[in-house]
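In: return atomic coordinates for the entry below.
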Amino acid sequence: MARRRASPSTLLRAYQRSLQAMGRAVARAGKAGARALKKAAPPARPAARRPARAPAPAPAGRTAAVRPPVKARGTWSEGVTVGAAGARRYRLYRPAGLAGQAVPLLVMLHGCRQSAAELAAVSRMDRLADQQDWMLLLPEQDRLAHPQGCWNWYGVRTGRAQAEAQTLLAMIEQVAAQPGCDPDRVALAGLSAGAGMAALMAERAPGRFRAVAMHSGVAPGAAQSQATALAAMQGRRQPVLQAGHVAPGAAGRLPPLLVLQGRRDGVVAASNGRAAAQAWAHAMGALPGLPRTVQRGKRHAMHVTDYRLAGRAAVTLCEIDTLGHAWSGGAADRPYSDPAGPDASRLIVAFARRQFARARPVTD
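Out: Residues are numbered from 1 along each chain as shown. Now for the predicted structure:
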């Protein structure tokens with residue numbers, strides 16, 4: 001029997017309801033301008049209760065119940081960081097068999113209506129961490145900060161975005177200082193709302209990360225508020241990297257970027273992927289090469305464009321045929337996953353490995 005998927009219109013209406021709910025919460029707290037933001041979001045009709053996979057902008061996927069992450073050889077632990085946005089919990093994975101050596105750290109930010117554990121289960125990144133001898137850090141959004149568990153990547157005018165980015169950066173410093181972690185080899189990846197927050201963090205602290213990956217997200221500057229978030233997701237606003245953080249043509253100021261975007265994404269318009277890659281490449285002074293098509297077996301084909309700087313790929317854009325708003329190549333029978341897509345987890349790991357193997361660029 002075929003599995004039902006939420007339609008793009010259903011997902012967009014659900015996201016509109018999320019924006020309205022947040023607007024009402026902000027109004028109750030007395031935040032300035034909340035009433036205007038609430039009016040800016042189109043009204044949505046009440047909908048029947050749906051499976052946990054349905055509300056946007058969480059990646060749409062299969063309807064199976066979420067199970068705990070697949071057990072790997074290493075160990076998961078939990079912690080908390082207190083920062084400008086308050087307290088945020090996290091899950092930390094240490095691969096088995098570490099014997100005193102310093103290993104890289106991969107930070108992964110979940111999407112809306114997801115948790116750190118659910119993203120770990122969908123991506124199966126702990127298995128790759130065992131193979132690579134990497135540590136994993138998966139922060140967890142607080143539902144008091146957003147009713148749908150979204151990272152507030154768009155809350156620039158209110159300062160929510162900056163406060164969350166600062167708190168997450170503090171969390172990374174906290175974990176990177178632990179024994180066994182190499183603070184000079186840190187990569188960052190995010191899905192959906194997590195991708196938007198990852199890009200914002202890399203823009204604000206470019207020297208912290210050696211590589212960044214955006215999966216189905218919106219680049220910094222495309223939205224500054226709740227009212228503009230939906231337009232940005234629909235591809236009706238262009239990203240603008242903030243002046244002062246990045247100087248055009250300044251090699252190495254931004255970390256290399258990998259963009260993964262489904263061409264049938266009904267929640268974050270496919271045009272966002274190319275817009276993010278182009279804006280990042282322009283800020284770095286990188287130029288596009290000829291696109292190429294890659295397909296492995298019966299998996300969805302992907303169209304790859306490298307933006308090169310000094311002979312190396314500074315930005316890589318992967319546009320994936322048939323992929324909607326879901327983790328590409330994720331675990332089967334999991335929410336927010338399309339197992340028929342190219343393996344996003346392996347693509348992210350391979351991209352980060354290439355950056356770790358290179359000397360850190362000089363930024364002065």
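In: would you map the helices across the stretch 1-150 of the chain?
Out: Residue ranges of the helices in the stretch 1-150 of the chain, as given by DSSP state H, counting those that start in this stretch, are 8-28, 34-40, 116-123, 125-132.
In: residue ranges with poor pLDDT in the stretch 51-200 of the chain?
Out: 51-72 (pLDDT under 70).
In: mind running it again at 50?
Out: Applying pLDDT under 50 to the stretch 51-200 of the chain picks out residues 51-70.
In: residue ranges of the strands in it, please?
Out: Taking DSSP state E, counting those that start in this stretch as the criterion, the stretch 51-200 of the chain carries its strands at 75-83, 86-94, 103-109, 135-140, 181-191.
In: tabulate those (TSV), appending mean neighbour count and distance to Pro339.
Out: Every C-beta, even on glycine, is put in place using the N, C-alpha and C of the backbone. Shown next, in TSV, are these (neighbours: other Cβ atoms under 10 Å; distance: least, Cβ to Cβ, whole Å):
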stretch	mean neighbour count	distance to Pro339
strand 75-83	14	23
strand 86-94	18	22
strand 103-109	25	18
strand 135-140	24	21
strand 181-191	23	15
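In: mind putting the ones you listed into a markdown table with distance to Pro239?
Out: As requested, those are exported to a markdown table (distance: least, Cβ to Cβ, whole Å):
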| stretch | distance to Pro239 |
| --- | --- |
| strand 75-83 | 25 |
| strand 86-94 | 25 |
| strand 103-109 | 18 |
| strand 135-140 | 23 |
| strand 181-191 | 15 |
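In: for Gln174, which of those strands is the nearest?
Out: strand 75-83 (5.5 Å; Cβ to Cβ).
In: now the angle between helix 125-132 and the closest one, please.
Out: Per axes from the mean of the first three to the mean of the last three Cα atoms, to 10 degrees, the angle that strand 75-83 makes with helix 125-132 is 110 degrees.
In: contact partners of strand 75-83?
Out: 69, 87-94, 96, 126, 163, 166-168, 170-171, 174-175 (Cβ atoms under 8 Å, 6 or more residues apart in numbering).
In: and if we set it to 10 Å?
Out: 68-69, 87-96, 116-117, 120, 126, 136-140, 163-175, 178 (Cβ atoms under 10 Å, 6 or more residues apart in numbering).
In: okay, angle between that strand and strand 135-140 too, please.
Out: Using the same axes, to 10 degrees, strand 75-83 lies at 50 degrees relative to strand 135-140.
In: strand 75-83 pairs with which strands, parallel or anti?
Out: Strand 75-83 has its sheet partners listed here by DSSP bridges as strand 86-94 (antiparallel).
In: so where is the stretch 201-350 of the chain shaky, pLDDT-wise?
Out: Ranges of the stretch 201-350 of the chain meeting pLDDT under 50: 243-252.
In: try 80 this time
Out: 241-252 (pLDDT under 80).
In: which parts of it are helices?
Out: Shown for the stretch 201-350 of the chain, the helices assigned by DSSP H, counting those that start in this stretch span residues 226-233, 271-284, 344-357.
In: which positions within the last one qualify as buried?
Out: The neighbour-count criterion (16 or more other Cβ atoms under 10 Å) identifies Ala344, Ser345, Leu347, Ile348, Val349, Phe351, Ala352, Arg354, Gln355, Phe356 as the buried residues of helix 344-357.
In: now the strands for the stretch 251-364 of the chain?
Out: 257-262, 287-288, 292-294, 302-309, 312-320, 327-328, 337-338.
In: put together TSV for those, with mean neighbour count and distance to Asn152 on each row.
Out: Below are the strands of the stretch 251-364 of the chain laid out as TSV (neighbours: other Cβ under 10 Å; distance: least, Cβ to Cβ, whole Å):
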stretch	mean neighbour count	distance to Asn152
strand 257-262	28	21
strand 287-288	13	32
strand 292-294	11	35
strand 302-309	19	28
strand 312-320	23	25
strand 327-328	30	21
strand 337-338	28	25
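In: as CSV, those strands with distance to Ala195 would be great.
Out: Shown next, in CSV, are the strands of the stretch 251-364 of the chain (distance: least, Cβ to Cβ, whole Å):
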stretch, distance to Ala195
strand 257-262, 9
strand 287-288, 21
strand 292-294, 21
strand 302-309, 17
strand 312-320, 13
strand 327-328, 11
strand 337-338, 16
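In: what's the local residue count around the closest residue to Val103 other than its chain neighbours?
Out: Using Cβ to Cβ, 6 or more residues apart in numbering and skipping the chain neighbours, the partner closest in space to Val103 is Asp133 (5.0 Å). By other Cβ atoms under 10 Å, the residues close to Asp133 number 16.
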